[in-house]
Structure formats: C-alpha cells, structure tokens
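**Q** I need the structure of the sequence given here:
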Amino acid sequence: MKSIEQLFSFKGKVIIITGAAGAIGGAAGHLFASLGANVVISDLNGEGAKKVAAEITAESGVEALGIQTNATVEAELDTLVQTTLEKFGKISGLINNVGWGAATPIWESDTDKMVKSYLLNTVGAYNLTKRCMPYLEKEPNASVVFSGSLVGVTPSPEFIEYSTAKAGLMNLVRSMAVVSGPKVRFNTVLIGSVDNGDSTLAAGYDPEMLRRLSEAFVMKRRGFPMEIAYGMMFLMSNAAEWITGIDLRIDGGGTYKSKMPKKD
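**A** Numbers count the residues shown, from 1 in each chain. Model (predicted):
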C-alpha cells in the first residue's frame, strides 16, 4: 500500500494548465507546484500567466513557466506544447481549464456566437489534448482533467451557448477515456458556482443575484477556487489510478427545492 505522500506526490511531473491566469487555474497551479510538479501556466492574458508563474516559483521553489496562448488558435497550441517540451522535456498531465460564457437567452444567440463558444470551450480542449497525447502516453499514470460546468448537465436556457458547448465537452471526455485506457485517464470536474471575482460579474451576475444563489446551495455558499483545484488534484493523483471517464461534481451539494407544494 502506498503512503499518503506517495499517493499525492507530483514530484517530477510536468502539468500544463490552461486558463491559468484566472482564479481556478491559478489555484491549481499553486497546488500542483506545492506537491512537486513543474507547472506550465497558459492563458490568453500573457502578462497574467507570467505573473502567476513567477508567484508559484517564488512560493514553492519549483520552476513554473508562463505562456500566452489563445486556445482557439492551433498554431499557438503548437507553440505551447513545443515550449513545454523544450523547457521540461515531457508532459505528464494536462488540465483543460480554459472556458467562459456570458448569459445569453436561448432565442437571442446566433451562428457566430454558438460557434465561437464551441471553439473556445470544446474544440480548443480537443486540439490541445490531441497534441499532448504522444507525450502523455509515455508517462506513468498520465491524466487529463477538464473543467466542466453544471450548466452542461441541466437545462440552462439562460446560458445557451456556454451550456451547449460544455455538454459537448462532457461527451468528448468520455469518448477520449474509452479509447485511451489504460495509458491515459480522462475525467471532468463539474463545477458549481465559484467565487471567480470579476469573471462572474462579467458573465451577467450582480451581487444580489450571487447572494441569492449562495443561499440556494446546500452548503449555503459558493465555492472557492482552491476547492475545485483539490478535486483536480485528486483525479490526477496516484489515488485515482483506476478512475477514468467520470464527472466529479464539486457544487456545494447543489441546490434543493422541495417537491411538496407549500400550503396556502
């Protein structure tokens, strides 16, 4: 039986994290580095990516790399993979965390908006994973984790572009899992409402909406970015060697509404 240290050590691992200048990706970068991994912080915000990487290196003593990457541009994904290999020599794991979607009512979208959301939230993850696969297959317990969303598994007409793209992502992950075992594992983290700061407000919420949303959760609050990172870490760890093709819900217990109508 492996010790706790062996189960959750990432020493010698090289992990690419996309969308990592933001709250969840940044938290994951700090967490994996604290457990010994070299992390590659990829984000459209290049200065933000480099800043997070520098903070991680200073905090953990483990070298991190920050790279500007547009996840929808294949040439930039090529650069991300090649730069990682040139710096660290291998790719042990990948977190496809990049993704975003604004509130859009179901009949107010159009072809351009739907396609752009699919490219960002689904196709970009496919293209990067495809490029990493030849290197992941060489690594022990290689793992890929995807940031999914509860809007992708529940009717979400208020976020029709984002929810549709995330629903497609889940099927993509399951398909990858069944053709890649036992060499590489693929899992999705289904994320509930997380305190992402300005990103949440930019998606169309206001403070009062967020207060009501917090009260609706079983745990009576929204999640913290590091709590999502903990789930990602578990799925990529040696403790999860027999886990692939699952959707791990991290959602504060979800929301509950009584099935019994209230009395007048």
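**Q** for the strand or helix carrying V179, buried residues please.
**A** Using DSSP states H and E, V179 sits in helix 160-180. For helix 160-180, the neighbour count (16 or more other C-beta atoms under 10 Å) marks 160-170, 172-174, 176-177, 180 as buried. All C-beta spots, glycine's among them, are computed from the backbone N, C-alpha and C.
**Q** where do the strands of the stretch 151-264 of the chain begin and end?
**A** 184-191, 247-250 (DSSP state E, counting those that start in this stretch).
**Q** which one of these is the most hemmed in?
**A** Using mean count of other C-beta atoms under 10 Å, the stretch among the strands of the stretch 151-264 of the chain with the greatest mean number of neighbours is strand 184-191 (a mean of 25).
**Q** pLDDT on that strand, on average?
**A** Averaged over strand 184-191, pLDDT sits at 97.
**Q** repeat that for stretch 89-104.
**A** Stretch 89-104 shows a mean pLDDT of 95.
**Q** which secondary structure element of the chain has the lowest mean pLDDT?
**A** helix 198-202 (a mean of 62; mean pLDDT, DSSP states H and E).
**Q** list the contacts of the helix holding V179.
**A** 99-102, 104-106, 109, 113-114, 116-118, 120-122, 125-126, 129, 133, 144, 146, 148-149, 151-153, 156, 184-188, 244-245, 247 (C-beta atoms under 8 Å, 6 or more residues apart in numbering).
**Q** of the residues you listed, which count as buried by neighbour count?
**A** Buried among the contacts of helix 160-180 by 16+ other C-beta under 10 Å: 99, 101, 104, 117-118, 120-122, 125-126, 129, 133, 144, 146, 148-149, 151-153, 156, 184-188, 244-245, 247.
**Q** how about the strands of the stretch 151-264 of the chain in JSON lines, adding distance to G29?
**A** What follows is those, written out as JSON lines (distance: least, C-beta to C-beta, whole Å):
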{"stretch": "strand 184-191", "distance to G29": "15"}
{"stretch": "strand 247-250", "distance to G29": "18"}
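**Q** figure out which of the ones you listed is closest to I24.
**A** Closest to I24 of these is strand 184-191 (C-beta to C-beta; 7.5 Å).
**Q** name the helices or strands packed onto that closest one?
**A** Helices and strands touching strand 184-191, by 3 or more C-beta pairs under 8 Å, 6 or more residues apart in numbering; DSSP states H and E, are strand 142-149, helix 160-180, helix 225-236, strand 247-250.
**Q** I'd like the distance from the longest one to the chain centre, please.
**A** Pointing back at helix 160-180 there. Helix 160-180 sits 13 Å away from the centroid of its parent chain (C-alpha atoms, centre = their mean, to the nearest Å).
**Q** can you check what angle separates that helix from strand 184-191?
**A** 150 degrees (axes from the mean of the first three to the mean of the last three C-alpha atoms, to 10 degrees).
**Q** using PDB, write out every CA atom in helix 160-180.
**A** The C-alpha coordinates for helix 160-180 follow below in PDB (Å, rounded to 0.1, in the frame of the first residue of the first chain):
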ATOM      1  CA  ILE A 160     -27.400  28.500 -24.200                       C
ATOM      2  CA  GLU A 161     -24.000  29.000 -25.900                       C
ATOM      3  CA  TYR A 162     -21.900  28.000 -22.900                       C
ATOM      4  CA  SER A 163     -24.100  25.200 -21.700                       C
ATOM      5  CA  THR A 164     -24.300  23.600 -25.100                       C
ATOM      6  CA  ALA A 165     -20.500  23.700 -25.500                       C
ATOM      7  CA  LYS A 166     -20.000  22.300 -22.100                       C
ATOM      8  CA  ALA A 167     -22.400  19.500 -22.700                       C
ATOM      9  CA  GLY A 168     -20.400  18.600 -25.900                       C
ATOM     10  CA  LEU A 169     -17.200  18.700 -23.800                       C
ATOM     11  CA  MET A 170     -18.500  16.000 -21.500                       C
ATOM     12  CA  ASN A 171     -19.200  13.600 -24.300                       C
ATOM     13  CA  LEU A 172     -15.800  14.400 -25.800                       C
ATOM     14  CA  VAL A 173     -14.100  13.500 -22.500                       C
ATOM     15  CA  ARG A 174     -15.900  10.200 -22.200                       C
ATOM     16  CA  SER A 175     -15.000   9.300 -25.800                       C
ATOM     17  CA  MET A 176     -11.400  10.100 -25.100                       C
ATOM     18  CA  ALA A 177     -11.400   7.900 -22.000                       C
ATOM     19  CA  VAL A 178     -12.800   4.800 -23.600                       C
ATOM     20  CA  VAL A 179     -10.100   4.800 -26.400                       C
ATOM     21  CA  SER A 180      -7.200   5.800 -24.200                       C
END
